[in-house]
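>>> Turn this into a model:
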Amino acid sequence: MANSGQTVRLGRHAAPDCGVAPGDVLGARFRLEALLGHGGQAVVFQAADLRQGGAPVALKVARRDLAATARHEAETVLRWEGGLLRRLRHPALPRLFGQEHGPRGTWLARELVAGQTLSTLARQGPQDWRRVQAWAVHLCDLLTYLHTRPVPVVVGDLKPANLVLRRDGSLALIDLGAAHTLTRRPPRTQRPRHGTPGYAPPEQLGNWGHDERADVFALAVTCYELLTGLDPAIAPLQFDLDRLERAAPRLASGLRAALALDLAERCPTAAALRARLAAPAPVRPLFLGVSLALADERDLNAAVQHSPRLLEPAVADGSLERWLASHPAASLGALRYRLRAARRSLPPRSSPLELLLTALAPPEGSQLLQFAPAQLAFGDIPLRAWRVWSRPQTLTLHNATVAPLRWELSCPAQLDADVRVLVAGKPQRRAAGVLGAGARLQLELVAMGTAGARTGTLHLRCGQHSWSIPWAALACAGVPVGSRHIARLEDLDLGRPDLVPAMETLLVQGALTRWLRATGRKALAAELEAALAHNPDELGRRLLVSRMLHTLAPDRFPLLRLRGIAESSARPLVAGEPTYALLEIDNLGAAALPLLCRSRSAWAQVAAAPTALGPGESGRLAIHLHPPASLRGPQTVALEVELGALPLTIVLPLQVNPERWWQRLRRLLGGA
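Sure thing, here's the model as predicted:
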């Protein structure tokens, strides 16, 4: 519903229907006495508070002569305004005495602010600049209070008609019907957000979304009207700045900054506007723990460089944003909005420090972002048809400036090759982040392509600056195993200490079975795929790798079967009471292999284990378990087993229950 922004002061005008009339008593407390005026959504009465000896109050009732949708909106706005007044406490805001939504309508009772509106004074002609300056200071302090609530409040319709000058010279804001709060998660159903043409900024009139800077703009328009005597509603968003300069040369510069139509150029906060119009308000330091306090921008920059982790709680709980909004420095006020923009643009689980560094990064970037090497040499890379990525190559970024820098690396698509950057272990075409001042970051890139020599270019961007990073590779048959490119299974270095983990990584990626099929070992690949369909755990995958390597070196990599893990885990233990777990290992191969077993757990010891397993033999592992009396709940016992060249970790998930009284008695008697 459109809002004309005007309140009719009743004289000869008839009041719209609101379901009540003078003489009615609402809420068994407020007796309506006289009509004061009405707006597009509500009628305002003067009422007597019967509980306070008939003290005068203003009672606002939602109109009932509106269409259904408009009536619902009017009631919603009035209830919203009452909820805000209940939570807010400021000398420039009227106190709320009561509120109701019932059969007799929706209404709220608040303090009746005696005085005249600033719109009445504006119609009398230009006001003295010193009076306007004092009013502007009061309003800046009110806006700073509202904008620094844990959930910031945006007035949304600040204008002379909603501001009353009390007899003591102070101001009161008497209408919060268009206010809204800036929650981090916007409500599913947005409230109507009204603005009065002439006072509302372009982003509010265009419904592009507005924030606290809309209030700063409206405050500046209010001051402009009071100083020049010109009605801004006649030609919205058009200001006679020369006349403003003649009327108040000491205030004109600050007001021009607040009247900027471009958000990037507008004075960002009410505290910053106050500092430009008069003396800045004192700011309390922001304490970070017990050892560090922020008083100005220099302190913030020093904390970012030397104690960044201390800033994370202040970013997470919003106290840094509130401090930025209350500080008179315009640069810190602008940082508040960049911090919000970073929160919207980054992934939801980004760290508070990453949010802050992103906000601090200058949007224009810097040409001093350095990278090495100047050209990437991948060497041999796997064939694209095998869908296997090469071993990673490292690209190092270095921020050589004294400010954080935002960077972005992109890998353009090519017909003959694919290059990706690893993000959280997954190949991606693009990666972005922010580097702190002086920091370094190592990015890992992988590639694959069609057979032959391949080249391409990566693109690195930092704000307005960009670089091209060439790369070269040779696509050929094979997969990366450690630092080598292996074409055939027979080319594996069986003596490598990291061979089994490297092959297990290829198995998890699905690259191992594709490689085996491509090199003619289709039966072995099918066997591994059938086993993988059952989602084996880490131990099961390790046994599958050993099954594959057994075809190359049966005297080093065994074929095994483990028994007893499920049975040992199913039997609960009693805290303080010793017992045994029995496991069996079957050597299904044709070669004898040495065996070594040790325990990682302090209360689990290997009591008996064979030193070797012959062909077709079974060996029994006896594990002595003695959980401490204080141990409770789910526990794990990890056993390290080496059989030939195969390292295994056997994990026994166990449940430790507390002793019963009779078990404790038996243990004591046995000890006696």
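>>> Could you chop this protein up by domain?
Domain ranges of the chain: 1-112, 115-281, 286-360, 369-476, 481-550, 560-661, per automatic domain parsing.
>>> Could you give the number of residues near Asp537?
8 (other Cβ atoms under 10 Å). Just so you know, the C-beta spots here come from the backbone N, C-alpha and C atoms, and that holds for glycine as well.
>>> before we move on, the earlier item: could you single out the most deeply buried of the domains of the chain?
domain 115-281 (a mean of 19; mean count of other Cβ atoms under 10 Å).
>>> Distance from that one to the middle of the chain?
Averaged C-alpha coordinates place domain 115-281 at 31 Å from its chain's average position (Cα atoms, centre = their mean, to the nearest Å).
>>> And for stretch 31-51?
With Cα atoms, centre = their mean, you get 45 Å for stretch 31-51.
>>> quick revisit: rebuild the domains of the chain as JSON lines, extending it with mean pLDDT.
Below are these laid out as JSON lines (pLDDT from 0 to 100):
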{"stretch": "domain 1-112", "mean pLDDT": "85"}
{"stretch": "domain 115-281", "mean pLDDT": "91"}
{"stretch": "domain 286-360", "mean pLDDT": "92"}
{"stretch": "domain 369-476", "mean pLDDT": "94"}
{"stretch": "domain 481-550", "mean pLDDT": "89"}
{"stretch": "domain 560-661", "mean pLDDT": "91"}
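>>> Let me see the ranges of the helices in the stretch 1-150 of the chain.
68-87, 118-123, 129-147 (DSSP state H, counting those that start in this stretch).
>>> Kindly reformat these as a markdown table containing distance to Val419.
What follows is the helices of the stretch 1-150 of the chain, written out as a markdown table (distance: least, Cβ to Cβ, whole Å):
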| stretch | distance to Val419 |
| --- | --- |
| helix 68-87 | 53 |
| helix 118-123 | 64 |
| helix 129-147 | 47 |
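>>> looking at those, which is closest to Leu251?
helix 129-147 (6.0 Å; Cβ to Cβ).
>>> Put the alpha carbons of the closest one into PDB.
Extracted in PDB, the C-alpha atoms of helix 129-147 (Å, rounded to 0.1, in the frame of the first residue of the first chain):
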ATOM      1  CA  TRP A 129      21.800  26.800  11.600                       C
ATOM      2  CA  ARG A 130      22.800  26.500  15.300                       C
ATOM      3  CA  ARG A 131      19.400  25.100  16.200                       C
ATOM      4  CA  VAL A 132      19.500  22.700  13.300                       C
ATOM      5  CA  GLN A 133      23.000  21.600  14.300                       C
ATOM      6  CA  ALA A 134      21.800  20.800  17.800                       C
ATOM      7  CA  TRP A 135      18.800  18.900  16.500                       C
ATOM      8  CA  ALA A 136      21.000  17.000  14.100                       C
ATOM      9  CA  VAL A 137      23.300  16.000  16.900                       C
ATOM     10  CA  HIS A 138      20.300  14.600  18.900                       C
ATOM     11  CA  LEU A 139      19.100  12.700  15.900                       C
ATOM     12  CA  CYS A 140      22.500  11.300  15.100                       C
ATOM     13  CA  ASP A 141      22.800  10.000  18.600                       C
ATOM     14  CA  LEU A 142      19.300   8.400  18.300                       C
ATOM     15  CA  LEU A 143      20.200   6.700  15.000                       C
ATOM     16  CA  THR A 144      23.500   5.500  16.400                       C
ATOM     17  CA  TYR A 145      21.500   3.900  19.300                       C
ATOM     18  CA  LEU A 146      19.100   2.200  16.900                       C
ATOM     19  CA  HIS A 147      21.700   1.100  14.400                       C
END
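>>> need the next SSE after it, C-terminal direction.
As assigned by DSSP states H and E, the chain's next helix or strand after helix 129-147 is strand 153-154.
>>> Packing partners of that following strand?
helix 129-147, strand 180-181, helix 212-228 (3 or more Cβ pairs under 8 Å, 6 or more residues apart in numbering; DSSP states H and E).
>>> Adding distance to Ser618, write these out as CSV.
Shown next, in CSV, are the helices and strands packed on strand 153-154 (distance: least, Cβ to Cβ, whole Å):
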stretch, distance to Ser618
helix 129-147, 75
strand 180-181, 71
helix 212-228, 75
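>>> What lies in contact with stretch 522-535?
Contacting residues not belonging to stretch 522-535 are listed as Leu507, Leu512, Thr513, Arg514, Leu516, Arg517, Gly540, Leu544, Arg547, Met548, Thr551 [Cβ atoms under 8 Å, 6 or more residues apart in numbering].
>>> From those residues, pick the one nearest Arg384.
The closest of those, once distances to Arg384 are taken by Cβ to Cβ, is Arg514, at 11.4 Å.
>>> did I read that right, that closest one in a helix?
Yes - under DSSP: H, G, I helix; E, B strand; the rest coil, Arg514 falls within a helix.
>>> picking up where we left off before, looking at the helices and strands packed on strand 153-154, which is closest to Asp586?
Closest of these to Asp586 is strand 180-181, at 67.6 Å (criterion: Cβ to Cβ).
>>> which is the next helix or strand following the closest one?
Using DSSP H and E, the next helix or strand after strand 180-181 towards the C-terminus is helix 202-205.
>>> before we move on, back to that, so which two of the contacts of stretch 522-535 are the farthest from each other?
Arg517 and Gly540 (21.2 Å).
>>> you'd agree Ala622 is up against Ala604?
No - at 11.1 Å, Ala622 and Ala604 do not qualify as touching, with contact defined as Cβ atoms under 8 Å.
>>> which neighbours do the two share?
Ala581.
>>> Spit out the contact partners of the residue nearest to Ala55 when sequence neighbours are not counted.
Leaving out its chain neighbours, the residue that sits closest to Ala55 by Cβ to Cβ, 6 or more residues apart in numbering is Asp49, at 4.6 Å. Shown in contact with Asp49 (Cβ under 8 Å, 6+ apart): Arg29, Phe30, Ala55, Pro56, Val57, Phe97, Ala109.
>>> now, the most widely separated pair of the residues you listed?
Arg29 and Pro56 (13.3 Å).
>>> what about the residue most central in space within the chain, which SS state?
Central residue of the chain (Cα atoms, centre = their mean): Pro348, 4.1 Å from the mean position. Put simply, Pro348 is coil when judged by three-state DSSP.
>>> what's the distance between it and Gln655?
Distance, Pro348 to Gln655, using Cβ to Cβ, to the nearest Å: 36 Å.
>>> same check, this time on Glu527
Look at Glu527 and Gln655: by Cβ to Cβ, they are 35 Å apart.
>>> Equivalent analysis for Arg86, please.
For Arg86, the distance to Gln655 - Cβ to Cβ - is 52 Å.
>>> quick one: secondary structure of Arg556?
Secondary structure, three-state DSSP: Arg556 is coil.
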